[in-house]
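# My questions are about this predicted structure, shown below with the sequence.
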Amino acid sequence: MDIISLIGLLLGLTAIVGGQVLEGGHIGSLLQVTAFVIVIGGTLGATMLQHPPAVFWQGVKMLRWVFFPPHQSQHQVIEQIITWSQTARKGGLLSLEPIIEQIDDPFMQKGLQMLVDGAEPEYLRTALEMEVDAYEEHHKQCAAVWMAAGGYAPTVGIIGAVMGLIHVMENLSDPSKLGAGIAVAFVATIYGVGSANLMLIPMSNKLKFVVSKQVVIRQMLIEGLVSIANGENPRMIENKLLGFVV
């Protein structure tokens, strides 16, 4: 689990609620169902309208990466590649075939299968790089779903505020209804601006960072497989791949 993401989210929310309490306000005054429905419903509606279904739902699925990113590390990939290199050096490329069935990652499995099938190094690189480019483009589009939501939320919050003020103006003759309308107006703005800047935009940027890290791991894998295909020494391969590690 990415503990710093959880701490950041809790810290941001605690700062807002804590500030309300320190000013002598009540936490309950920040809880307005009407404002929540307007902001969250309106934001999701606009976001869904902007994106194709496949991109939107993939963006929803990717949210778990904010707190539970893929656990595969760069050093683990290097160790795997060096092991494959040593195996191929002793028994030839065909000796890697039993390993393919033990791999869960589809991209890694595909690259190793192409290596075993005797693909030329340059063809291997070109084919896998095309897949990495497609992976990066698609997943960054999915991550951008929440950046778009972060752009819409403050505006929808303003719409909620205007609706609340309209309700106030319609009930000037009944002072008992003025407080509720004004509360919705201001709380809707808080929900819109707060959700955008405390959650939606930071989550989108975090997802883009995770995607970039996964792209680097795939680039490492490509470089390692091409090096094995070229028959390079395992130590030389390791030194080359360590250049990717930051």
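In hand now; what should we look at?
# Just give the number of residues close to residue 109.
The criterion is other C-beta atoms under 10 Å. On that basis, residue 109 has 15 neighbouring residues. The way it works is simple: take the backbone N, C-alpha and C, and place the C-beta from them, glycine included.
# Might one say that it is in contact with residue 100?
Yes: Residue 109 is in contact with residue 100 according to C-beta atoms under 8 Å; the separation is 5.8 Å.
# Name the residues contacting each of the two.
Shared between the contact lists of residue 109 and residue 100 (criterion: C-beta atoms under 8 Å, 6 or more residues apart in numbering) there are no residues.
# the domain parsing of the protein - what is it?
1-31, 33-244 (automatic domain parsing).
# tell me, which of those is the model least confident about?
Of all those, the segment with the smallest mean pLDDT is domain 1-31, scoring a mean of 83.
# can you tell me which residues contact residue 200?
Remark: with contacts taken as C-beta under 8 Å, 6+ apart, residue 200 is in contact with 43, 146, 147, 149, 150, 153.
# Columns neighbour count on top of those residues, output as a markdown table?
Listed next are the contacts of residue 200 as a markdown table, based on neighbours: other C-beta atoms under 10 Å:
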| residue | neighbour count |
| --- | --- |
| 43 | 25 |
| 146 | 26 |
| 147 | 20 |
| 149 | 26 |
| 150 | 24 |
| 153 | 27 |
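# Which of those fall in helices?
By the criterion of DSSP state H, membership of these in helices covers 43, 146, 147, 149, 150, 153.
# tell me which of the residues you listed is nearest to residue 24?
Nearest to residue 24 among these, counting by C-beta to C-beta, is residue 153 at 27.7 Å.
# Surely the closest one is in contact with residue 193?
Yes: judged on C-beta under 8 Å, residue 153 makes contact with residue 193 at a distance of 7.5 Å.
# Backbone dihedrals for residue 24, please?
Phi and psi for residue 24, reported as degrees, to the nearest 10, are phi 90, psi 10.
# what's the spacing between it and residue 63?
Distance of residue 24 to residue 63, computed by C-beta to C-beta, to the nearest Å: 36 Å.
# the more surrounded of these two?
Counting neighbours by other C-beta under 10 Å for residue 24 and for residue 63 shows that residue 63 has the greater number, 16 against 6.
# what about stretch 189-207, distance to the chain center?
For stretch 189-207, the separation from the chain centroid amounts to 13 Å (computed by C-alpha atoms, centre = their mean, to the nearest Å).
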